[in-house]
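Enquirer: here you go, sequence then predicted model.
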Amino acid sequence: MKLLYIHGKTGKSTLLIGERLHHLHHAIAGRPAVIITDTNLLALYGKDFPNYPVITIGCGETIKTLDTVSSIYHRLVELEADRSFVIVGIGGGIVCDISGFVASTYMRGISFGFVATTLLAQVDASVGGKNGVNFSGFKNMVGVFNQPEFVICDMNLLHTLSIQDRLCGFAEIVKHAVIADADMFSYLEKHWSQALELDSDVIEKLVYDSVVIKAGVVNRDETEKGERRILNFGHTIGHAIEKTAGFPHGEAISIGMVVAAGIAQRCGLLTEIEAKRIENLLTRFQLPTRMSCQPDEILSAMRKDKKREGEDIFFVLPEGIGKAVVRPLSLARIGQLADGL
Ligand SMILES: NC(=O)c1ccc[n+]([C@@H]2O[C@H](COP(=O)([O-])OP(=O)(O)OC[C@H]3O[C@@H](n4cnc5c(N)ncnc54)[C@H](O)[C@@H]3O)[C@@H](O)[C@H]2O)c1
Ligand SMILES: [Zn+2]
């Protein structure tokens, strides 16, 4: 097991990479606790949960709402949970986002931690202190920055994940390597096959390296005023593809990363060989890298991006492999640069 820390203005987080679900009681440390999980996790791993009351929510993006939050508040009141309690979200990004938001607002905020059970939650959603829910059709529109007290990443839980959920996590892992770590990128080029098989040494190294990158960025820019924006590599176009073409998140950001790499190449930031390496690695991870689309639809979905400021979008471009820059670009300019990619 390896430890990493986030020292944010909104709290300190201890990230336990390789810790096991059945050691969760160590992190709870004798306090009263309530577990929040989803129906899938309860069926698969409920027998390994420590003995605390469990609030179970449904699955899928559509339950990430204030209604679900409200129903959890009701249960907490019934359970007479007070400020001495710790809330533990055991699940993927959806459970983590909801339980972090509930814990941050119930009684003006009580302690909370996560057991991240999807690859995406381990390398991304559970780390960094963004908690929230969707509202009125907009993703993550209502939320807070607040660091979980602890995050447990138990790699043994990943074997029951669907292939699509695994690939979604790998898309974020490739993202981290491209923006911040050339050695990790080369490691992925050598070990993609063991990674796909969830080989324990390989996957633990990849989760650890990813969390080092994300935690480092969050430590320097917790509330996304500057550097944290590089974590959106592939996401501006990716989110638009998700919305318009209905691709799963990982697949959409894979295509988004390839388009952004193509734009970076046109801007002279990336060589043709580097852009090809990014595309090839994503292909190794069985992720799509191209789609046929109506560029106008993609641009109009990007217009609705909440990360837009005025006419410009903070667009993330890789600068070689292992580094990225953020450039304010107008939608029109992005449209020109992406033309034909
Ligand atoms: N807060 C952040 O910084 C942040 C960052 C990235 C994504 N997110 C959010 O994360 C969410 C997506 O997270 P996700 O991809 O983990 O989705 P998810 O939580 O819906 O999990 C995907 C599916 O896998 C199941 N599952 C979870 N763990 C499992 C396991 N070990 N074995 C078998 N099945 C398992 C879940 O029940 C669910 O059906 C989105 O809502 C997104 O907005 C948040
Ligand atoms: Zn993502």
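Expert: Alright, I've got the coordinates. Ligands and ions are numbered 1, 2, ... in the order given.

Enquirer: name the nearest residue to residue 32, ignoring sequence neighbours.
Expert: Leaving aside its chain neighbours, residue 32 sits nearest to residue 85 (4.9 Å; criterion: C-beta to C-beta, 6 or more residues apart in numbering). (Each C-beta comes from the backbone N, C-alpha and C, glycine too.)

Enquirer: list the contacts for the one you found?
Expert: 31-34, 76, 110-111 (C-beta atoms under 8 Å, 6 or more residues apart in numbering).

Enquirer: swap in residue 223?
Expert: 9, 145.

Enquirer: next, the closest residue to residue 163 other than its chain neighbours: phi, psi?
Expert: In space, residue 163 comes closest to residue 286 once its chain neighbours are excluded; the distance is 7.9 Å by C-beta to C-beta, 6+ apart. Comment: the main-chain dihedrals of residue 286 come out as phi 60, psi 30, following degrees, to the nearest 10.

Enquirer: quick check: residue 286 vs ligand 1, distance?
Expert: Using C-beta to the nearest ligand atom, to the nearest Å, we find residue 286 at a distance of 16 Å from ligand 1.

Enquirer: likewise for residue 278?
Expert: Distance of residue 278 to ligand 1, given as C-beta to the nearest ligand atom: 20 Å.

Enquirer: residue 136 too?
Expert: In this structure, residue 136 lies at 15 Å from ligand 1, with C-beta to the nearest ligand atom as the measure.

Enquirer: report how many residues lie close to that residue.
Expert: 8 (other C-beta atoms under 10 Å).

Enquirer: equivalent analysis for residue 62, please.
Expert: Counted with other C-beta under 10 Å, residues neighbouring residue 62 total 10.

Enquirer: give me the pLDDT for it.
Expert: Residue 62 carries a pLDDT score of 96 in this model.

Enquirer: and for residue 306?
Expert: The predicted structure scores residue 306 at 61 on the pLDDT scale.

Enquirer: so what's the residue nearest to residue 163 up against?
Expert: With the criterion set at C-beta under 8 Å, 6+ apart, residue 286 makes contact with 163, 167, 196.

Enquirer: buried subset of those?
Expert: Using 16 or more other C-beta atoms under 10 Å as the burial test, these include 167, 196 as buried.

Enquirer: filter the contacts of residue 286 down to the ones in strands?
Expert: Secondary structure assignment (DSSP state E) places none of the contacts of residue 286 within strands.

Enquirer: residue 97: which of the contacts of residue 286 is nearest?
Expert: Each of the contacts of residue 286 was scored against residue 97 by C-beta to C-beta, and residue 167 proved nearest at 20.3 Å.

Enquirer: what residues does the closest residue to that closest one other than its chain neighbours make contact with?
Expert: The shortest distance from residue 167 to any non-neighbouring residue, by C-beta to C-beta, 6+ apart, is to residue 250 (5.1 Å). With contacts defined as C-beta under 8 Å, 6+ apart, the neighbours of residue 250 are 120, 164, 167-172, 287.
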